[in-house]
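Enquirer: Structure for the following, please:
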Amino acid sequence: MSTLVMDARHTMFFRVLLVEDNVIDAKLITGLLRSPSAALHCCHVTQLAEALNHMEIHPPDVILLDLNLEDSSGYETFNFVRQAATKAAILVLSGSDDEDLAIRTVREGAQDYLVKGSFDGRLLLRSIRYAIERKRSEEALRHSQATVRAIFENSLDGIVIFERTGICVEANASASDLMGVPRDELVGRRLCDFCDRGFEEAWEELSQTESGRGRCWIQLKDNARRMVDYCFKTNILPGQHLAVLRDITEQQDLEEQLRQSQKMEAVGRLAGGVAHDFNNILGIISGHAELLQLSANQADSARAQRIIAATEKAASLTQQLLAFGRKQIMSLKLLNLSTIVEGLSSMLDCLMTPEIQINIQAEENLGLVRADQSQLEQVIMNLATNARQAMAEGGTMTITIDEFHSSKDQPDLPPGKYVRLAVSDTGIGMTEETQSRVFEPFFTTKKMGSGLGLSTVYGIIKQSGGYVTVQSAPQQGSTFSVFLPVFSSLDSSPAPAEPRKTMRMGGHETLLLVDSEEDLRNAATEYLEGCGYHVLTAGDGKQAVEVADRYDGAISLLISDIVMPKLSGRGLVEHVRSTRPNTNVLLISGYTDDAVPRHGISLDPSCFLQKPFTFQTLGAKIRGILDKSS
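Expert: A predicted model of the protein is given here:
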């Protein structure tokens with residue numbers, strides 16, 4: 001900015017530097033500038049060197065410049081002064097009416113070119129005033145252009161200026177990066193050339209309006225696709241339009257991942273609810289089968305036993321549903337991996353399409369691994385699902401279970417003895433880049449994939465102290481290998497369970513049985529009364545409170561479901577504990593024992609029984625609680 005000096009009347013003074021070696025001309029010009037209304041402070045020098053030195057110390061607002069001096073002449077004089085005083089307005093005062101020189105100096109920065117002897121004081125003052133205003137306007141315009149250019153070049157969004165035909169005339173670096181081509185290749189091409197088919201028609205409709213916004217897919221040279229949010233404004237300059245492009249691919253992916261996560265959560269919640277209700281039904285079936293077994297002849301008793309065995313198999317399916325719905329807490333046990341796979345064989349057959357063959361190869365006497373059975377089943381099902389998706393047109397899935405010894409030469413797998421579960425397919429395979437990310441949460445190469453299956457596998461195996469690897473190549477299939485440390489030999493496994501013997505564990509105490517499933521409640525009541533107990537029943541929490549309050553005698557044990565209408569298990573337990581502090585509590589549920597703390601109930605884990613259960617198990621649990629409290 002120029003130096004401003006204010007007088008008492010707040011008049012603005014401007015610094016004027018007169019560069020003139022002719023004394024007579026200098027006196028004439030300074031005389032013209034002495035008008036009281038001029039508000040100018042004039043300083044006179046005769047040489048270019050003196051002028052340059054003065055401008056460095058006292059930057060002028062206006063320079064009145066004679067081109068022919070003692071130490072410089074012509075255009076050279078103007079060029080030196082222009083470079084030294086970039087913020088000053090320059091008026092050339094020349095004794096030569098050289099039209100070419102006048103045009104050149106004005107074109108290259110002079111505000112005006114006046115010929116000596118052709119102007120009076122009024123014209124000179126007006127020229128100075130106009131020169132100052134024009135210089136200010138030029139500086140403001142230059143600053144504005146520099147600001148716009150800086151924004152244009154440094155914007156993280158792609159900015160494109162294009163003609164009505166869609167041909168790009170200018171683009172910034174972000175736009176070229178987004179399109180995947182150098183800037184010089186982007187300029188001269190149509191925007192629609194980079195977009196998915198069908199966008200051109202949409203663009204034609206949008207271009208009829210003055211502004212608008214939308215989304216489209218950009219197709220890159222390497223066949224990758226980017227989702228772009230664009231907005232445009234027409235006629236920012238005559239015949240030129242503006243488009244601002246923002247890459248929202250990652251945002252789109254995150255939104256999709258959130259939707260998928262919410263969907264998986266909803267499916268998991270549904271699976272848990274189905275398992276809960278199904279466990280109640282299984283309890284009814286197995287309960288009546290037990291009652292039939294107690295009163296039937298030997299042949300019917302055997303049939304009842306087969307019904308009970310079938311309900312136990314069905315109960316294992318509900319455990320898998322609970323595991324899928326994340327409703328199953330981790331329970332580490334010593335497991336035979338071959339037995340786990342054998343138990344899943346029917347589900348694997350249902351999972352695969354008819355075009356896929358299943359080949360299971362399991363060695364014997366491999367030892368036991370320590371893991372959660374339901375989670376290990378989930379690992380196998382997830383790997384099988386991944387194999388099926390890789391073989392859209394059919395193939396062979398091979399599950400191999402064998403022994404593996406790791407040595408020091410394998411840094412990714414600590415030395416030791418492992419049971420290896422390998423799931424191989426003959427599908428499309430994977431590139432090295434895909435393999436490096438295959439266990440990342442939400443990473444997927446499938447259009448409808450959640451990206452959670454393999455990351456779940458990785459998390460479960462790591463939590464179990466194991467390791468998982470992948471080997472693959474494009475069009476050569478994939479092999480996922482799970483390594484679980486051997487904890488004990490098969491010789492140390494528990495002895496096979498003896499055949500179940502039908503027996504009653506009886507008592508004489510009073511029990512309060514609360515369950516919303518009437519058939520299960522009635523069957524359990526019949527069994528417990530047959531064991532000698534006095535049984536009070538209720539179909540919901542509110543009814544149970546009324547029964548307990550009306551009964552005058554002691555109630556030794558409350559047996560209650562957790563999730564019930566009208567009053568939950570928590571409310572019932574709190575009421576019984578406050579009114580009958582000596583009453584023991586046994587909670588039952590179709591969910592796992594983490595349902596107890598999730599519902600805010602303080603209870604010893606041994607006082608929980610998961611549905612479906614046999615009545616013999618119920619009788620043993622009741623007797624254990626009552627005997628412990630006596």
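Enquirer: Thr479 belongs to a strand?
Expert: Yes - assessed by DSSP: H, G, I helix; E, B strand; the rest coil, Thr479 belongs to a strand.
Enquirer: Any figure for the gap between it and Asp229?
Expert: 41 Å (CB to CB, to the nearest Å). In short, each C-beta sits where N, CA and C put it, glycine included.
Enquirer: can you check Leu64 too?
Expert: 56 Å.
Enquirer: More neighbours: which of these two?
Expert: Using other CB atoms under 10 Å as the criterion, Leu64 and Asp229 rank with Leu64 on top: 26 against 16.
Enquirer: what's near enough to touch the more buried one?
Expert: Val16, Leu17, Leu18, Val19, Glu20, Ile29, Leu91, Leu93, Ile128 (CB atoms under 8 Å, 6 or more residues apart in numbering).
Enquirer: give me that answer again for 10 Å
Expert: 16-20, 26, 29-30, 33, 42, 44, 89-93, 114, 124, 127-128, 131 (CB atoms under 10 Å, 6 or more residues apart in numbering).
Enquirer: Tell me the buried residues within those residues.
Expert: 16-20, 26, 29-30, 33, 42, 44, 89-93, 114, 124, 127-128, 131 (16 or more other CB atoms under 10 Å).
Enquirer: Quick check: strands, which of those residues are part of them?
Expert: Judged by DSSP state E, the subset of the buried ones among the contacts of Leu64 located in strands is Val16, Leu17, Leu18, Val19, Cys42, His44, Ala89, Ile90, Leu91, Val92, Leu93, Leu114.
Enquirer: Confirm for me that the third one is in contact with Pro60.
Expert: Yes - with contact taken as CB atoms under 10 Å, Leu18 and Pro60 are classed as touching, separated by 9.5 Å.
Enquirer: Between these two, which contacts overlap?
Expert: Here Leu18 and Pro60 have Cys42, Cys43, Ala51 as joint contacts, going by CB under 10 Å, 6+ apart.
Enquirer: Dump the residues you listed into CSV; add distance to Gln145 and pLDDT as well.
Expert: As requested, the shared contacts of Leu18 and Pro60 are exported to CSV (distance: CB to CB, whole Å; pLDDT from 0 to 100):
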residue, distance to Gln145, pLDDT
Cys42, 33, 87
Cys43, 32, 90
Ala51, 29, 90
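Enquirer: In the chain, which residue is most central in space?
Expert: In the chain, the centroid-proximal residue (CA atoms, centre = their mean) is Leu254; its distance is 3.5 Å.
Enquirer: So which elements touch the strand or helix carrying it?
Expert: Using DSSP states H and E, Leu254 maps to helix 249-295. Packed against helix 249-295, as judged by 3 or more CB pairs under 10 Å, 6 or more residues apart in numbering; DSSP states H and E, are the following elements: strand 211-219, strand 225-237, helix 298-324, helix 518-530, strand 584-589, helix 615-629.
Enquirer: Need the winner for burial among these.
Expert: Of all the helices and strands packed on helix 249-295, strand 584-589 carries the top mean neighbour count, a mean of 22, counting by mean count of other CB atoms under 10 Å.
Enquirer: what packs against it?
Expert: Strand 584-589 sits against helix 249-295, strand 510-514, strand 557-561, helix 569-579, helix 595-598, strand 608-610, helix 615-629, with contacts defined as 3+ CB pairs under 10 Å, 6+ apart.
Enquirer: What mean pLDDT does stretch 177-190 get?
Expert: Across stretch 177-190, the average pLDDT comes to 85.
Enquirer: Only the buried residues of that stretch, if you could.
Expert: By 16+ other CB under 10 Å, the buried positions in stretch 177-190 come out as Leu178, Met179, Gly180, Val181, Leu186, Val187, Arg189.
Enquirer: Restricted to helices, list those.
Expert: If you go by DSSP state H, these have Leu178, Met179, Leu186 in helices.
Enquirer: any idea how far the last one is from Thr525?
Expert: Pointing back at Leu186 there. Taken as CB to CB, the span from Leu186 to Thr525 is 80 Å.
Enquirer: Quick check: of the ones in strands among the buried ones among the contacts of Leu64, which lies closest to Phe80?
Expert: Val19 (10.4 Å; CB to CB).
Enquirer: what sits against the closest one?
Expert: 26, 43-48, 50-52, 54-55, 60, 63-67, 69, 72, 77, 81, 90, 93.
Enquirer: If we use 8 Å, what do you get?
Expert: With CB under 8 Å, 6+ apart, Val19 has these contacts: Val45, Thr46, Leu48, Ala51, Ile63, Leu64, Leu65, Asp66, Leu69, Val81.
Enquirer: can you redo those residues as TSV with distance to Cys168 and secondary structure?
Expert: As requested, those are arranged in TSV below (distance: CB to CB, whole Å; DSSP: H, G, I helix; E, B strand; the rest coil):
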residue	distance to Cys168	secondary structure
Val45	52	strand
Thr46	55	coil
Leu48	47	helix
Ala51	47	helix
Ile63	43	strand
Leu64	47	strand
Leu65	44	strand
Asp66	49	coil
Leu69	50	coil
Val81	41	helix
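Enquirer: Just send those residues back as a markdown table, with distance to Ala309 too.
Expert: Formatted as a markdown table, these follow (distance: CB to CB, whole Å):
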| residue | distance to Ala309 |
| --- | --- |
| Val45 | 115 |
| Thr46 | 120 |
| Leu48 | 112 |
| Ala51 | 111 |
| Ile63 | 108 |
| Leu64 | 113 |
| Leu65 | 111 |
| Asp66 | 117 |
| Leu69 | 117 |
| Val81 | 107 |
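Enquirer: Just the terminal-to-terminal distance for stretch 55-74.
Expert: By CA to CA, to the nearest Å, the extent of stretch 55-74 from end to end equals 20 Å.
Enquirer: go on, stretch 187-196?
Expert: End-to-end distance for stretch 187-196, by CA to CA: 19 Å.
Enquirer: Please tell me how far that stretch is from the chain's geometric centre.
Expert: Chain-centre distance of stretch 187-196: 30 Å, with CA atoms, centre = their mean, to the nearest Å.
Enquirer: Return the distance of Ile360 relative to Gly117.
Expert: Ile360 sits 111 Å away from Gly117, going by CB to CB.
Enquirer: That should have said Met352, apologies.
Expert: Distance, Met352 to Gly117, using CB to CB: 104 Å.
Enquirer: cool, Arg107 as well?
Expert: 24 Å.
Enquirer: give the contact list for Thr456.
Expert: Gln378, Val379, Asn382.
Enquirer: Surely the last one is in a helix?
Expert: Yes - read with three-state DSSP, Asn382 is one of the residues of a helix.
Enquirer: ok, it touching Val457?
Expert: Yes - using CB atoms under 8 Å, Asn382 is in contact with Val457, at 5.1 Å.
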